[in-house]
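In: I would like the atomic coordinates for the input below:
(2 chains)
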Amino acid sequence: MLRVENVYKQFDNSFLALDAVNLEVHPGEIVSLVGTSGCGKSTLLRIISGLDFPSEGDVWIDNEPIANPHPEVGMIFQEPRLMPWLTVKDNVRFGLEQAADSEAAIATTLVKVGLADFANALPRQLSGGMAQRVAIARALITQPSILLLDEPFSALDAFTRTKLQDHLLHIWEYDRPTMLLVTHDIEEALVLSDRIIVMRSNPGRIHREFVLDLPRPRKRTDTHLQQWKERLLNELDLSLVRSLTGV
Amino acid sequence: MNYPSPPKRLNSATLAPVQRTRSQSRRRRLGLRGHWTLGFILPVGLLVVWELLSRIGVFPPNLLPAPSAIALTLWTLTLSGELLIHIGITLYRVFLGFLIGGVLATILGALTGYSRVANQLLDPLFQALRNIPSLAWVPLFILWLGIAETSKIALIAVGVFFPVYLTLMAGIQQVDRKLVEVGRVYRFSQAQLIWRVFLPATLPSYIVGLRNGLGLGWMFVVAAEIMGASRGLGFLLIDGQTTGRPDIIIASILLFAIMGKLTDTGLVAIGRRLVSWQDSYSLQAQKN
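Out: Below you'll find the predicted structure:
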């Protein structure tokens, strides 16, 4: 279980990025953090990953406060972040401590992400979508119980993005890891999540949360989903956008 | 639940790239051969013109002898075994100076690139020393180390040190923070981070630094050998000057060019092998 307790984050220039954030994510749950840019959603994810530190408050994983990246946590970034000098196989192996007898596990994971034929390819030979699937495989190989995703598909074209969202759900079916997903794509949040948390900026804080009690797989064209989309758009603090564009 | 499985479909559609790289490497080999011959056109053409102009008496032979005369001199020196000794001792000096300067630069450059404290402690001093014209060290080195091999090799090592040090330090400092974070997510130790992320990421610029260092090594070996030596290509230069033999001077200059180019090509070949993963413009240009 993942618990964020009263987390503040103040940057050196005294900008308050996170203001008293509390959050609980249950095992196997898929939760999305949405919000306009600057609302602190990525900062929150980085703190949970252990790459960044809160100014105050704690992140608890399995009833222990974390000080460093936790072994049970897998991270998928916005960019694939593959080591360009390693083959696909070795990139997947990258996070394993005992790399010796892992060939079978790597092969299985590459099959899971549909890249079994590309084990020996170099990152420069891959398309954006394939590279991101390698990044997913690298995160999965350690069999994390918590998977953190920081706008994982936002750099991809719409077609690839839709495909990978379905694919991610497909993968989730295997081990049912807890997933915490930062996105600014409302449709993505609606298709994937059990719960959507809306954040607002200045200072960054949790504004509201919505529980989506809809069966999966969800159709993007579903009227239910369209209604939800409208509700969520209203909840996002778009007043600034309106005043800027004069709408 | 039953999901459609996209991976299968993607597989068949994406098999093509791997096959393409195989034919690309064939094309690349052909492209390289074309490049080689291109590089020979200009020097060979110049040699022919030079020889012709010398034969019809445009260049006075006591100032600029014909290429054939220089070739003859080289041949005589080779037959007497003298040339091999000169080349051997010069190569030995460059190699040893390059090794010492390169190793020290690698250790210190890695340290100042990776550790902020080491950087603040050491780098200002090195930057100040770097700005001393390296020939200014010569009197001091001769005073300290004598006129024999040690002072020459020390001078070459100084010349090699700074470009290698600077490029390695800058290369490490410019390693993508995003890749470093991946290592941190997997709780890499400092040593693991250096070995598995920093080192390979820095390799391309490090090789450029080594090439620069080797080039300066060749420059400094001339300076060292002109300063005082009884053997070596630099000695041959001075010998040609004192005995009024322009053919010997030009022959030594040519040998420097050839030796410098050969050692650099060797370094490039090793480097290309090590960084074949790179996705860069020049590699792309070779393939197409």
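
In: okay, CA-based contacts and neighbour counts for the rest of this
Out: Noted.

In: For the chain, which segments are assigned as helices?
Out: Answering for chain A, as no chain was given. With DSSP state H, the ranges of helices along chain A come out as A:41-49, A:88-93, A:103-112, A:128-140, A:158-175, A:186-192, A:223-235, A:239-245.

In: wrong one, I was asking about chain B
Out: Shown for chain B, the helices assigned by DSSP H span residues B:6-13, B:16-55, B:67-79, B:82-114, B:116-130, B:138-145, B:149-173, B:177-185, B:190-193, B:199-227, B:233-242, B:246-274, B:281-287.

In: And the fifth one, how far out from the chain middle?
Out: Taking C-alpha atoms, centre = their mean, to the nearest Å, the mean C-alpha location of helix B:116-130 is offset from the chain mean by 24 Å.

In: residues in contact with that helix?
Out: Surrounding helix B:116-130, the residues in contact under the criterion C-alpha atoms under 8 Å, 6 or more residues apart in numbering or on different chains are B:111-113, B:162.

In: Mind doing that once more with 6 Å?
Out: B:T112 (C-alpha atoms under 6 Å, 6 or more residues apart in numbering or on different chains).

In: Go through it and flag the buried ones.
Out: Neighbour-count burial for helix B:116-130, counted by 16 or more other C-alpha atoms under 10 Å in any protein chain shown, picks out B:119, B:123, B:130.

In: Show me which residues of the stretch 151-288 of chain B are close to chain A?
Out: Within reach of chain A by C-alpha under 6 Å from any C-alpha of the partner chain, the stretch 151-288 of chain B has these residues: B:179, B:185-186, B:277, B:279.

In: so can I have TSV of the residues you listed showing neighbour count and distance to A:S201?
Out: Formatted as TSV, the entries for those read as follows, by neighbours: other C-alpha atoms under 10 Å in any protein chain shown; distance: C-alpha to C-alpha, whole Å:
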residue	neighbour count	distance to A:S201
B:L179	18	28
B:V185	20	27
B:Y186	21	31
B:W277	19	42
B:D279	15	39
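
In: can you redo those residues as JSON lines with distance to B:R211 and pLDDT?
Out: Listed next are those as JSON lines, based on distance: C-alpha to C-alpha, whole Å; pLDDT from 0 to 100:
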{"residue": "B:L179", "distance to B:R211": "26", "pLDDT": "95"}
{"residue": "B:V185", "distance to B:R211": "35", "pLDDT": "93"}
{"residue": "B:Y186", "distance to B:R211": "35", "pLDDT": "92"}
{"residue": "B:W277", "distance to B:R211": "20", "pLDDT": "81"}
{"residue": "B:D279", "distance to B:R211": "20", "pLDDT": "71"}
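
In: picking that back up, lowest pLDDT pick from the buried residues of helix B:116-130?
Out: Least confident of those in the model: B:R130, at 91.

In: how is chain A carved up into domains?
Out: A:2-72+A:145-245, A:83-143 (automatic domain parsing).

In: Tell me the gap between the last one and the middle of its chain.
Out: Looking back up the chat, that one is domain A:83-143. How far domain A:83-143 lies from its chain's middle: 19 Å, per C-alpha atoms, centre = their mean.

In: what's the answer for stretch A:132-146, then?
Out: Averaging C-alpha coordinates over stretch A:132-146 and over its chain gives two centres that are 12 Å apart (C-alpha atoms, centre = their mean).

In: swap in stretch A:68-82?
Out: The gap between the average C-alpha position of stretch A:68-82 and the chain average comes to 9 Å, counting by C-alpha atoms, centre = their mean.

In: can you check stretch A:145-153 too?
Out: The gap between where stretch A:145-153 is centred and where its chain is centred comes out at 2 Å by C-alpha atoms, centre = their mean.

In: I'd like to know if that stretch reaches chain B anywhere along the stretch.
Out: No - Stretch A:145-153 is not in contact with chain B by C-alpha under 6 Å from any C-alpha; minimum separation 11.1 Å.

In: Thanks again, I'm all set now.
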